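J.: quick one, structure for this:
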Amino acid sequence: MTRLSVNINKIATLRNARGGSIPDLVNTAKACERFGAQGITVHPRPDERHIRYKDVHDLKGVVTTEFNIEGYPSEDFMKLVLSVVPEQVTLVPDPPNALTSNAGWDVVNHFELLRTKITELKNVGIRVSIFIDTDLEMIRRASETGTNRIELYTEPYAKDYTINKQKAVESFAKAAELAHELGLGVNAGHDLNLENLKWFATHVPHLSEVSIGHALICDSIWYGLENTIQMYLARLQA
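T.: Numbering: from 1, shown residues only. Alright, predicted model coming up:
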């Protein structure tokens, strides 16, 4: 069964909008796990506009499933994750001012950067995933960096799903098959939601994990956090 990692960035955004500690990020992470989430994801950015670096240290002490930290491998980010040592680090190519992730790595042009950073992370026992598009050549080169997994960038799938869901998923299935052949684990994330998740999970083979934040937190306003997490988990059951 594909694991569900809940991205709690939006909880931090809500907290920071008012100041103080409501909603409490640590308690939210613990609740997500209690309600069935199999991982917690955060993406600390340099301006700390949602997840703060202190949050990452606080969460490390309480997450009991899998802690996944996303980010661009800057000097500050690497220092953070090497001190925290989460179960997984997902490297993304976002510039500092990006609103959200909007593309996968150009592995060819950033090969040495990725290989160097991945080696540093793996040397302390961190599993590494890199955010990537479905370009098969990029996936082949990704396998040469030493990464353990790839995370497929699924915004294009989400956009095309409502037009032609069969066509929308085809490149992702092919990418996952190739990654598996190359010995890479397969994660996925970005704009997956209650409507499109089940089709993706049942048509993309070898899918280890999905990371979902924005849609899941928005759905929880209407359905409640516990019920929402159970709804997402149900979509992942074949």
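
J.: where do the strands sit along the chain?
T.: Along the chain, counting by DSSP state E, strands occupy 3-7, 39-42, 67-71, 88-91, 127-132, 149-153, 185-189, 207-212.

J.: next up, the contacts around Val84.
T.: 56-57, 60, 67, 69 (C-beta atoms under 8 Å, 6 or more residues apart in numbering). C-beta: built from backbone N, CA, C; applies to glycine.

J.: identify the spatial nearest neighbour of the residue nearest in space to the middle of the chain, chain neighbours not counted.
T.: In the chain, the centroid-proximal residue (C-alpha atoms, centre = their mean) is Ser211; its distance is 4.2 Å. In space, and not counting its chain neighbours, Ser211 is closest to Gly189: 3.8 Å by C-beta to C-beta, 6 or more residues apart in numbering.

J.: measure that neighbour to Gly104 for me?
T.: To Gly104, Gly189 is 11 Å away according to C-beta to C-beta, to the nearest Å.

J.: now Glu112: how far from Tyr161?
T.: Using C-beta to C-beta, which is the criterion applied here, Glu112 is 36 Å from Tyr161.

J.: what's near enough to touch the nearest residue to Phe67 once chain neighbours are set aside?
T.: Closest residue to Phe67 apart from its sequence neighbours, by C-beta to C-beta, 6+ apart: Pro86 at 3.9 Å. Residues counted as contacts of Pro86 (C-beta under 8 Å, 6+ apart) are 60, 67-69, 126.

J.: out of those residues, who's nearest Ala29?
T.: Ranked by distance to Ala29 (C-beta to C-beta), the contacts of Pro86 are led by Phe67 at 9.0 Å.

J.: bridge partners for the closest one, pull those for me.
T.: Ile40 (DSSP bridges).

J.: return the list of helices and strands in contact with the helix of greatest length in the chain.
T.: Counting residues, the longest helix found in the chain (DSSP state H) is helix 165-181. Counting contacts by 3 or more C-beta pairs under 8 Å, 6 or more residues apart in numbering; DSSP states H and E, helix 165-181 is packed against helix 136-143, strand 149-153, helix 155-161, strand 185-189, helix 197-203.
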